[in-house]
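> Coordinates for the following, if possible.
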Amino acid sequence: MKEPVQNRLQGLRDKAKDLPRSPGVYMFRDDRGEPLYVGKAHSLRSRVGSYFGKPALRSVKGKRLAGRIREIETFPVEGDAEGLLLEWNLIREFAPPFNIQLRDDKSFPYVKVTVNEPFPRVFVTRWLEEDGARYFGPFTDVGAMRRALRMVKRMYTVRSCRYRMPAEMPPRPCLDYHIGRCKAPCAGLQTQEEYRAMVDEILLILSGRTGALRRQVTQKMQGAAEAMEYEEAGRLRDVLRGLDSIETRQRAVGPRADDCDAIGLAREGSTACGAVLKVREGRLIGRHVRYFGNASQQEDDVVLETAVKGFYLRKGVRPPRVVLLPRGFGGQDLLRECLESTRGEPCELVVPARGYKADLVLMAGKHAQHILAQDGLSTVSHIPTGISEEGNAGAVAAPGAASLERELGLDRPPGTVVCFDISTLGGSESVGSCVWSTETGTDKSEYRRFRIREAESGMPDDYAMMQEVVRRYFERRVLEGRPLPDLVVVDGGKGQLSSARQAMEAAGVSDLPVAALAKRDEEVFVPDKSDPIRLSRSDPGLRWLQRARDEAHRFALDYNRSLRRRRTLRSRLGDVPGVGPAREQALLTRFGSLDAVRRSSAQQLCSAPGIGLSTAQAILSALRADHPGNGAE
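Reported below is the predicted structural model:
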């Protein structure tokens, strides 16, 4: 029998009364556990309770929303800025039906410095990747951030091109060199050491150490004001405000020079939760959470040591200079040495007794307690990996991995997924792609692309092309002894799945789990099951597969377009008598495109190396015959 509406609403009102009068983000879920609405509040108790009062229930939307709410989930935050970012992330992740989508449908921006490149670039991005680069942000005041970044680029001549130097070098300096925006390291006019020293100064500024730059801008602003150049003075004033935006994080919690993480733990039955508060330049910038299962029989020391390992002994994670702990543990010195090796610099594990550092640890513990309490009331399950033989508590799988293990019937949660896709246009330049992903990002060093060989002699066969790409990938992988993924995914349905299985058998990796994701209805096909698996659109496992599939599609399509563009540019020039590969390359280097060659005069074409007047006239005659009326005036 269905629960009476009034009784259910009264139960929700009672839950709202138990919430704290502190800032936070709340999420309403329906009877299936699906998110309905996400919002932020200065007082969780007042805001959530207002949804079940008489004024809210008079509106159509309020009545519809309240009629579907079965569960309330809350997340404490330390301020409105943190609440805004968390609300944004939850809306992007779950797309609740009662939320309005934010206008630009993008994540908040970061400033990225590609320190993993010999000649790093500085630019704005909205995506975080584990690629060795440095990221600063996120920033909510986008305009101020961009103005400050433009000022940094005026002060320092950082390159804006996308060449992979020194492997790719342009034939001559670009316009930025001639207008004083770049010193042309691509042409050997600036050494790598000089360029790196400049980037180190930019990193200091982006880290919040803006004293030198601020003094220069302030001096220029005062000079402009004295000269009554008020427009320029106003622009420089805005630059100072932009520097404030770059320097500012969530909130100040300690001395300006401090970089540290504070770890807190909470336990309930066999489950433990660890929370890390990240402090950089004395400011709280974020929080990270992990769960641990089968912890009921373990000492607190063992659980804490496992938590520290789980947070920092992972790929792409650089520990801070100081890690604040709620208590010491037996293997602390050995673990500190391991973290120092990972960091490449000294790292301290400290148990603070008093002061703001002790307050940080207490705050982290309260976060862990709140998260664990909320999780105990929610319908989301966290699956433990178990206890190792040494007695350490096992870390719980991430939500997407746990979902895939459960829904696809895998032996263990997958840590890595490879996804294959095929791109072709009527059999033209058929290519395949493979991307390597984890639940939190991708590893582009493991991306692979293929030109389809078997499609060159006849009509394209989607199944045969998928089989060829999968077979070639795993044959090479096994031959080189490289690690294999935990799950293989192909874009398509039953046919592509069957082709992938045959290819994996031929390559000797038939024991790897494999699935196919059909784009039309987002159905998942697995071997030995005739019916597809249909996951909720908000399921974290499905979202992981979708991200991998979309990235494989993008990677394959980019390669296909590149090959077709190259063929279009070269094929027509190659048909002209007297034009071989060398002259073809010289023309495209000099003029950039086939259309630019067509619009040039014979005398202009002669400026390219190896092109005489008779050859130039033959080229123009051939190209303008295809496009009459498009020649030079």
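> where are the low-confidence patches of the stretch 251-400 of the chain?
251-258, 269-270, 280-287, 293-298, 314-317, 372-398 (pLDDT under 70).
> which residues in it form strands?
Using DSSP state E, counting those that start in this stretch, the strands of the stretch 251-400 of the chain run over 251-252, 260-268, 271-280, 283-293, 322-324, 348-350, 394-395.
> deepest of those strands, which one?
Stretch with highest mean neighbour count among the strands of the stretch 251-400 of the chain: strand 271-280 (a mean of 23; mean count of other Cβ atoms under 10 Å). Using the backbone N, CA and C atoms, a C-beta is placed for each residue, glycine as well.
> name the helices or strands packed onto that one?
Strand 271-280 is packed against strand 260-268, strand 283-293, helix 300-312, helix 355-377, with contacts defined by 3 or more Cβ pairs under 8 Å, 6 or more residues apart in numbering; DSSP states H and E.
> Pull the residues that contact the longest one.
This points to helix 355-377. Under the contact criterion Cβ atoms under 8 Å, 6 or more residues apart in numbering, helix 355-377 has outside partners 71, 73-76, 78, 253-254, 260, 262-268, 271-277, 279, 287, 289, 291, 324-326, 350, 352, 382.
> Equivalent analysis for the shortest one, please.
Identification of contacts with strand 260-268 by Cβ under 8 Å, 6+ apart yields 272-279, 295, 300, 303-304, 307-308, 311, 319-326, 357, 360-369, 371-373, 376.
> Return a ChimeraX selection command for the buried portion of these.
Applying 16 or more other Cβ atoms under 10 Å to the contacts of strand 260-268, the buried members can be selected in ChimeraX as follows:
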select :272,273,274,275,276,277,278,279,295,303,304,307,308,311,319,320,322,323,324,325,326,357,360,361,363,364,365,367,368,369,371,372
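> where in the stretch 101-250 of the chain is pLDDT low?
In the stretch 101-250 of the chain, residues with pLDDT under 70: 101-108, 128, 130, 137-145, 147-148, 151, 207-213, 239, 242-250.
> Buried residues of stretch 467-486, list them for me.
Buried residues in stretch 467-486, counted by 16+ other Cβ under 10 Å: 467-474, 477, 485-486.
> tell me which element Tyr195 is part of?
Tyr195 belongs to helix 192-206 when assigned by DSSP states H and E.
> tell me what that helix is packed against?
Other elements packing on helix 192-206 under the criterion 3+ Cβ pairs under 8 Å, 6+ apart are strand 110-113, strand 134-136, helix 142-155, helix 230-247.
> rewinding a little: of the helices and strands packed on strand 271-280, which approaches Ser22 most closely?
For the helices and strands packed on strand 271-280, the distance to Ser22 is smallest for helix 355-377, at 10.0 Å, taking Cβ to Cβ.
> Hmm, Leu594 is touching Leu623, no?
Yes - using Cβ atoms under 8 Å, Leu594 is in contact with Leu623, at 7.3 Å.
> Tell me where the longest helix sits in the chain.
Longest helix in the chain, counting residues (DSSP state H): helix 540-574.
> and that one, which residues are buried?
Across helix 540-574, burial judged by 16+ other Cβ under 10 Å covers 540-549, 551-553, 555-556, 559-560, 563, 569-570, 572-573.
> Now Cys182: closest residue in space that isn't a chain neighbour?
Asp176 (3.9 Å; Cβ to Cβ, 6 or more residues apart in numbering).
> Spit out the contact partners of the one you found.
Contacts of Asp176 (Cβ under 8 Å, 6+ apart): 157, 159-161, 182.
> and if we set it to 10 Å?
Residues near Asp176 by Cβ atoms under 10 Å, 6 or more residues apart in numbering: 153, 157-161, 182-184.
> and which of these is nearest Pro120?
Of all the contacts of Asp176, Val158 has the smallest distance to Pro120: 7.6 Å, by Cβ to Cβ.
> pretty sure the closest one contacts Val111?
No - the pair Val158 / Val111 is not scored as a contact, 11.7 Å apart, by Cβ atoms under 10 Å.
> Between the two, which contacts overlap?
Contact criterion Cβ under 10 Å, 6+ apart; residues shared by Val158 and Val111: 122-123, 152, 202.
> Switch the residues you listed over to a markdown table; also include neighbour count and distance to Gly415.
Formatted as a markdown table, these follow (neighbours: other Cβ atoms under 10 Å; distance: Cβ to Cβ, whole Å):
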| residue | neighbour count | distance to Gly415 |
| --- | --- | --- |
| Val122 | 21 | 32 |
| Phe123 | 14 | 30 |
| Val152 | 21 | 38 |
| Ile202 | 21 | 35 |
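> nearest to Ser600, of the residues you listed?
Out of the shared contacts of Val158 and Val111, the member with the shortest distance to Ser600 (by Cβ to Cβ) is Phe123, at 33.5 Å.
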